[in-house]
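# Give me coordinates for this.
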Amino acid sequence: MSASAPATGVFCLGISTLDYVYSVETLPTRGEKYRSRGLAVVGGGCAGNASVAIARLGGRCWLATRLADDLTGDQIVGDLVREGVDMDFARRVAGLRSPVSAILVDAQGERMIISYSDPEVPEDTHWLPPVLPDGANAVLADTRWGEGALAALRLAREAGVPGVLDGDRKPPHPDLVATASHVAFSAQALAELSGEADPRGGLARLGQRASTWLAVTLGKEGVLFIENGEVVHTPAFTVETVDTLGAGDVWHGAFALALAEGQAERAAIRFASAAAAIKCTRFGGRSGAPKRDEVMQFLANVG
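This next block holds a predicted model:
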């Protein structure tokens with residue numbers, strides 16, 4: 001993407017939250033008092049984090065998300081708007097509670113997440129746009145709202161643009177994988193869907209009956225993806241990990257943006273893996289998502 005070219009856009013759909021992120025030496029193992037070494041109050045959620053990643057990487061981003069008409073929702077929307085995310089497609093529902101999470105991050109960067117989403121949030125999709133916004137050259141959806149994700153991925157198919165599913169949980173709708181053009185699973189979601197504990201075996205099994213491009217992100221173990229009928233491995237970049245919270249979301253946002261820009265899958269994986277690696281070196285969830293020039297400099301340095 002040249003400096004003078006119009007920014008490429010990604011239409012995102014899914015969950016956005018407010019996260020309370022505590023830095024601790026070790027994750028709790030019993031019921032007693034613990035002290036936190038640091039605290040970050042920052043927006044979160046799969047789609048929310050991915051949207052910020054896209055905006056920081058120089059892409060346009062629209063986020064369709066369901067929130068309550070409460071103070072937490074005001075803060076979530078305000079933070080995203082300040083990051084440059086278009087929030088015209090946020091649905092605010094009176095009388096409910098917006099999603100929140102309490103997150104503990106230990107000295108090795110691993111995390112424990114306790115999240116809350118109001119079970120009364122409406123599932124209907126009538127309020128979503130009938131077509132993608134002008135300039136949206138890809139769609140990214142998470143699995144937190146199955147009917148909404150399906151509607152967004154159908155918009156991508158109708159527009160002839162990539163439709164990426166962030167499969168961090170087992171897809172709640174049977175048509176989601178087939179409707180997406182690209183699916184990147186978490187290891188747990190892949191195991192639940194394929195019935196295989198081994199990610200390579202699980203990906204191979206799903207690939208036998210899917211026309212969708214499939215991958216699984218494995219954190220510091222890199223990414224497995226199917227290419228020409230074979231399972232291929234791309235290693236992760238080696239960094240000093242401080243906080244893995246939001247790294248997968250940053251990866252998905254960067255991957256969707258790269259596809260929107262016309263990058264091939266291998267190049268998109270490399271770009272996304274660099275963005276996620278940089279994020280892992282910074283505490284505070286998505287507040288550590290990198291800018292475009294940081295990713296390009298990182299890639300130049302690793303060769």
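# need the contact list for the nearest residue to Q108 once chain neighbours are set aside.
Sequence neighbours aside, T241 is the residue nearest to Q108 in space, at 6.9 Å (criterion: C-beta to C-beta, 6 or more residues apart in numbering). Every residue, glycine included, has its C-beta placed from N, CA and C. By C-beta atoms under 8 Å, 6 or more residues apart in numbering, the residues touching T241 are Q108, G109, K220, C280, T281.
# For I226, what is the enclosing helix or strand?
Secondary-structure assignment from DSSP states H and E places I226 in strand 223-227.
# Could you list the buried residues of that strand?
V223, L224, F225, I226 (16 or more other C-beta atoms under 10 Å).
# Then stretch 123-130?
T125, L128.
# Same question for stretch 24-39.
V24.
# And the contacts of that stretch?
Stretch 24-39 has contacts (C-beta under 8 Å, 6+ apart) with Y20, V21, Y22, S23, L104, V105, D106, A107, E110, M112, F283.
# just the residues you listed: which has the poorest pLDDT?
Note: of these, the lowest pLDDT belongs to E110, at 84.
# can you point me to the longest strand in this structure?
strand 60-68 (DSSP state E).
# which of the contacts of T241 count as buried?
Here, 16+ other C-beta under 10 Å leaves G109, C280, T281 buried among the contacts of T241.
# got a list of what the second one touches?
With contact set as C-beta under 8 Å, 6+ apart, C280 has these partners: G109, V239, T241, V242, D243, T244, A247, G288.
# Mark which of the residues you listed are part of helices, please.
Among these, the members found in helices (DSSP state H) are A247.
# Please report which of the contacts of C280 has the highest neighbour count.
A247 (31 neighbours; other C-beta atoms under 10 Å).
# quick one: that residue and L218 touch, right?
No: contact status for A247 versus L218: not in contact, 11.7 Å apart, counting by C-beta atoms under 8 Å.
# hang on, the earlier thing: for the following helix or strand past the strand holding I226, which residues meet the burial criterion?
Using DSSP H and E, the helix or strand that follows strand 223-227 in sequence is strand 230-234. If you call a residue buried by 16+ other C-beta under 10 Å, then strand 230-234 has these buried ones: V231.
# between strand 230-234 and strand 223-227, how many degrees?
Orientation of strand 230-234 against strand 223-227 (axes from the mean of the first three to the mean of the last three C-alpha atoms, to 10 degrees) gives an angle of 150 degrees.
# Name every strand pairing with strand 230-234 and say which way it goes.
Paired strands of strand 230-234, with direction, are strand 223-227 (antiparallel) (DSSP bridges).
# Can you tell me which of the contacts of stretch 24-39 are buried?
Among these, the ones that count as buried by 16+ other C-beta under 10 Å are Y20, V21, Y22, S23, L104, V105, D106, F283.
# And the strands in the stretch 151-300 of the chain, which stretches?
For the stretch 151-300 of the chain, the strands defined by DSSP state E, counting those that start in this stretch cover 163-167, 182-186, 213-217, 223-227, 230-234.
# give the contact list for S211.
A178.
# Output stretch 263-278 as CSV, nothing but the C-alphas.
Extracted C-alpha coordinates of stretch 263-278, given in CSV (Å, rounded to 0.1, in the frame of the first residue of the first chain):
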residue,chain,number,x,y,z
GLN,A,263,-1.4,-9.9,-0.6
ALA,A,264,-1.3,-13.6,-1.1
GLU,A,265,-1.8,-15.9,1.9
ARG,A,266,1.9,-16.6,2.7
ALA,A,267,2.7,-12.9,2.6
ALA,A,268,-0.4,-12.1,4.7
ILE,A,269,0.6,-14.7,7.3
ARG,A,270,4.1,-13.2,7.6
PHE,A,271,2.7,-9.7,7.9
ALA,A,272,0.2,-10.8,10.6
SER,A,273,2.8,-12.8,12.5
ALA,A,274,5.1,-9.8,12.7
ALA,A,275,2.3,-7.6,14.0
ALA,A,276,1.3,-10.2,16.6
ALA,A,277,4.9,-10.7,17.7
ILE,A,278,5.4,-7.0,18.3
